Structure formats: C-alpha cells, structure tokens
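> For reference, the sequence and a predicted model appear below.
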Amino acid sequence: MRHRKHNQQLGVKKGHRQAILGNLASALFEHARIETTLVKAKALRPFAEKLITFAKKAQESSPERALYLRRLTISRIRNKGAAHVLFEERANEFVDRNGGYTRIYKLGRRIGDGAEMAIVELIGAADEGYQDSRKKSKKKSDGPSDERKALETVENESDNSETGVNVSDEETTPSTDDTGSVDEPEKPGAEK
C-alpha cells in the first residue's frame, strides 16, 4: 500500500529515481535554472529544498556538523562540484529566506511526446520574479495625470456653480460704481 507516501515514483526503481533527482539537483545548483518535465520538476522541488536547507544549517553550525551536512549532500547528489557551489555560493543567497527556494514555470507540451515541460529555477535574494518581456509595464507618474487634472478642474467648476459662486465670472465681469462707469478688471502685472 502507498499510504502516506508523498514522493513521486517517476515510473522507475528507487536507485534510478535517486540518480535522476541527484543529477537534476546538481544541474540546478550549477546553472540556477533548468528545463525538465513537469513531473520531474515537482519531484525535484522538495529534494533540492532539503539540500539547500542543509547548506544553510552548515553555515550556522559547528565545523563538525557542517562537514557532516556537506557529506550528506554529496552522498545524495553524487557531485562534489555541485555540492561545493551549493555550500559556498548559493547558500548565501538564501540566508534570509525560510523555505521556498525554487520556482516552477510551466512551459506547455513538448512536441515529440506531448510531455508537460517546466522550468525550475532558484530564487535569488533580490529576485523579483519572472518578467515576461512581451508584457509592457506602465510607469506610474509622481503626480496626477493630465486627464485627472482636467477632470478635477471640471468638477471644481461644477461645484462652484451649484453653490452660486462662479470664480471665473467674478474675475472677468467688469464692476460698476454709482456713476455707471465701468471699471476694467485689473490684469496681473499691469501698472496704472
């Protein structure tokens, strides 16, 4: 029975499965991004994240414990070069992150056999996520846009007309005094 067994079998025996995951993990640590099938990517995620956690714990622990964790990682991925990259370079990127070190993007189906493909990548310290180059991002301006300014002006004029005060009429309408003569409105900057 397979009760409470959550690992992917990948259609192969245990030794073959460990070899597949070890090779995928070593390629992921060396290149930071790999393309594989979706099922293998989902099986790789917990495997790789446990190894990254080993590398993080090795930085915080005693030299004896760090050596043990390094040897445990090498026994799982069977690649000393990839383990060195993981412990010396990649582990520093994940110091402030608690889990979620990998990301999976679905690519669609492979042409030859129709298998679902995916990209697995390591999430760096300053990683903001995948940016699709086809999508244009709108720049946010500091102040209100021209359309918003025009809309606010129209709203202000309508508010003033409802209260019976029209600012624009006061400025342009000439005033009359007791004699009936018309005074011209003063223009800014004009001297008499």
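That came through fine.
> alpha carbons only for contacts and neighbour counts from here, please
Will do.
> Show me what counts as buried in stretch 4-18.
Neighbour counts using 16 or more other Cα atoms under 10 Å place 17-18 of stretch 4-18 among the buried residues.
> And for stretch 108-123?
Within stretch 108-123, the residues scored as buried using 16+ other Cα under 10 Å are 116-123.
> Closest one to residue 15 out of those, please.
residue 120 (22.5 Å; Cα to Cα).
> in the chain, which spans are strands?
For the chain, strands defined by DSSP state E occupy the ranges 33-37, 102-109, 116-122, 175-176, 182-183.
> other SSEs contacting the second one?
It stands for strand 102-109. Other helices and strands packing on strand 102-109, by 3 or more Cα pairs under 8 Å, 6 or more residues apart in numbering; DSSP states H and E, are helix 38-60, strand 116-122.
> list the contacts for the closest residue to residue 117 other than its chain neighbours?
Spatial nearest neighbour of residue 117, chain neighbours left out: residue 37 (4.3 Å); criterion: Cα to Cα, 6 or more residues apart in numbering. Listed by Cα atoms under 8 Å, 6 or more residues apart in numbering, the contact set of residue 37 reads 115-118.
> Kindly report the same for residue 34.
Residue 34 neighbours (Cα under 8 Å, 6+ apart): 27-28, 119-121.
> re earlier: residue 94 is nearest to which of the helices and strands packed on strand 102-109?
Of all the helices and strands packed on strand 102-109, it is helix 38-60 that lies closest to residue 94, at 7.3 Å by Cα to Cα.
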